[in-house]
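Q: 3D model of this:
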Amino acid sequence: MYPNYSTRRLSVLAAMLCLLFSVHAQLPPIKALKRGDSLPTLSLIDRNGHPIQLSTRPGKLLLFDFWNVRCIACIHAMPKLDSLQKAFGDTLQVISVTYDSEEKVKALFQKLKIPTPSFPMITADTLLNQLFPHQGDPYYIWVSNGKIAYLSNGWSLTYDNIKDILAGKNLRLTQRLPLPNYDYNETLLTPSLPLEEYSMLLTGLLDYHVASSIQTLTDSSYGEPYYLKAVNQSRLSLLIKAHWKEVFGFDARRNLHPNRFIVVDSSAQELLLPIDRTNEDDWKRENFFSYEVKTNPAEGRSLYKKMREDLAIYFPYVTATKTQLLPALVLEISDSLRFNKSKSSSNRKSGLEWKKSTIDINNLTLNNSIVTLLTESQLSSGGKLCINNTGYSGNINMTLPVAFDDLETMRINLSSYGLKLTEKNFPIKTILIKER
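A: Model (predicted):
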């Protein structure tokens, strides 16, 4: 039975609801804060339901630590934050902030069996992430004397930096600012004319945060990369990217750092991140660049050759190659009839299609699919290169499990396509980077 509301009561209730929704609709949007702004009065509640009193008085530092449950670097930084909090006592106030739910955070600490930090933690945050919008964690907001002093990366969080800011000194920290009007699909610096070929090396973008990656585009007609965009990459990463495909025969998407196949000579040690990371910001100002290059494959222009020519002008380094007998994963044909069935002669769209537990390889070469995926999986744990020793350079169509780090599973599945994967010593080129 429905309640017997009078017409008057219904009218009053309707009026109250209209007023409520009207007030909610007229609330002003939350404005993001920037460096130099005053921190507004905030009512914050920690994960235990306790109010947080913010320390913004002179002589104190308030530090917001933004993190999420999928950020390994964030989790590893918590013991360090705890130590800093205990070292500086009430002159430092650390507040950890995540948009993840309390349930996810609780499950994480139970799974990892790590101690809960001593500083307050805010879960399921909706306010501070709007005041300090950002891409990528960890992310730190430094509030000194009630004003936003710095928006920084994790490496800036050192004992000396905190000691200096408490002493009233100015820090030379790299800021984490969003790149204005940045579009991942657009060029870094749009040319005034639609040029078919150009290249440029830029500085001055280090304070702007863009997810660290090197983006390349491949021409569908020629199957060759023709455009590359790198934002805030080290000189070493650019050098490795420029030479990798020439030496190893396939492209590199990740692991652009020294390993057993890429050696930095003693004359070029300044390319390496210092062991003492206290001055990491200064080191990155000297070693980080943004680079963009475009070539025309229709004219036979090689993107990476152009990149190597540019870097030879910009940087005082040269590379040398040496062939050594090293342990490798070698891909070979075991059954020609089976393998021939996987060969692709179609003109359909090329690419990798990732699914829940499998990956479809559509109209790609062995080097641009299996070899690359196996190598990336191996190098992430200091393993071996995968070498294509089949003698086949055409395209294939295959479906494999998403288990490239499970070599036994990969062997079984590759054998169904007439391929075998063996571990053995194989002549492999290595790259030596040295000062010119």
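
Q: ok, and the nearest residue to I30 once chain neighbours are set aside, which helix or strand is that part of?
A: With C-beta to C-beta, 6 or more residues apart in numbering as the measure, Q130 is the residue that lies nearest to I30, at 4.3 Å, once sequence neighbours are left out. For every residue, glycine as well, the C-beta is placed using N, CA and C. For Q130, the host element (DSSP states H and E) is helix 128-131.

Q: Off-centre distance for that helix?
A: For helix 128-131, the distance from its own C-alpha centre to the chain's C-alpha centre is 21 Å (C-alpha atoms, centre = their mean, to the nearest Å).

Q: Next, count neighbours for the residue nearest to I30.
A: Q130 is surrounded by 13 other residues when neighbours are defined as other C-beta atoms under 10 Å.

Q: How much space separates it from L54?
A: From Q130 over to L54 the distance is 17 Å, taken as C-beta to C-beta, to the nearest Å.

Q: give me the low-pLDDT residue ranges for the stretch 251-400 of the chain?
A: Judged by pLDDT under 70, the stretch 251-400 of the chain has no weakly predicted residues.

Q: And the helices in it?
A: 280-287, 303-314, 336-342, 372-379 (DSSP state H, counting those that start in this stretch).

Q: Which elements pack onto the shortest one?
A: Contact partners of helix 336-342 among helices and strands, from 3 or more C-beta pairs under 8 Å, 6 or more residues apart in numbering; DSSP states H and E: strand 395-401.

Q: Need the contact partners of whichever helix or strand comes after the strand it packs on.
A: Next along the chain after strand 395-401, taking DSSP H and E as the criterion, comes helix 407-415. By C-beta atoms under 8 Å, 6 or more residues apart in numbering, the residues outside helix 407-415 that reach it are 329, 331, 334-335, 370, 374, 400-401, 403-404, 420-421, 423.

Q: Select only the buried ones of these in PyMOL?
A: Buried residues among the contacts of helix 407-415 (16 or more other C-beta atoms under 10 Å), as a PyMOL selection:
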select buried, resi 329+331+370+374+400+404+421
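
Q: give me every residue that touches A268.
A: Applying C-beta under 8 Å, 6+ apart, the residues contacting A268 are Y317, I433, K434, E435.

Q: residues touching the closest residue to R277 other than its chain neighbours, list them.
A: For R277, the nearest residue in space outside its immediate sequence neighbours is W155; the separation is 5.5 Å by C-beta to C-beta, 6+ apart. The neighbourhood of W155, defined by C-beta under 8 Å, 6+ apart, consists of R277, E280, D281.

Q: Also P427?
A: Neighbour list for P427: T323, Q324, L325 [criterion: C-beta under 8 Å, 6+ apart].

Q: Which members of those occur in strands, if any?
A: Among the contacts of P427, the subset assigned to strands under DSSP state E consists of T323, Q324, L325.

Q: Please tabulate these in CSV, including the columns distance to P427 and neighbour count.
A: CSV is the format used below for these (distance: C-beta to C-beta, whole Å; neighbours: other C-beta atoms under 10 Å):
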residue, distance to P427, neighbour count
T323, 5, 9
Q324, 7, 12
L325, 6, 10
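
Q: Closest one of those residues to F288?
A: Q324 (31.2 Å; C-beta to C-beta).

Q: what secondary structure does the residue lying closest to R308 once chain neighbours are set aside sit in?
A: Nearest in space to R308, with sequence neighbours left out and distances taken as C-beta to C-beta, 6+ apart, is A242 at 4.7 Å. Remark: A242 carries the secondary structure label helix [criterion: DSSP: H, G, I helix; E, B strand; the rest coil].

Q: Now for A242: which residues touch it?
A: The neighbours of A242, taking C-beta under 8 Å, 6+ apart as the test, are Y304, M307, R308, L311.

Q: of the residues you listed, buried ones?
A: Y304, M307, R308, L311.

Q: got the domain boundaries for the protein?
A: According to automatic domain parsing, the chain is divided into the following domains: 44-174, 179-315, 317-436.

Q: R35 is nearest to which of those?
A: Evaluated over the domains of the chain, closeness to R35 peaks at domain 44-174, with 5.3 Å, by C-beta to C-beta.

Q: Distance from that closest one to the middle of the chain?
A: Domain 44-174 has its average C-alpha position 21 Å from the chain's average C-alpha position, going by C-alpha atoms, centre = their mean.

Q: still on that earlier bit, export the contacts of P427 to JSON lines and append columns for distance to S415.
A: JSON lines is the format used below for those (distance: C-beta to C-beta, whole Å):
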{"residue": "T323", "distance to S415": "29"}
{"residue": "Q324", "distance to S415": "29"}
{"residue": "L325", "distance to S415": "26"}
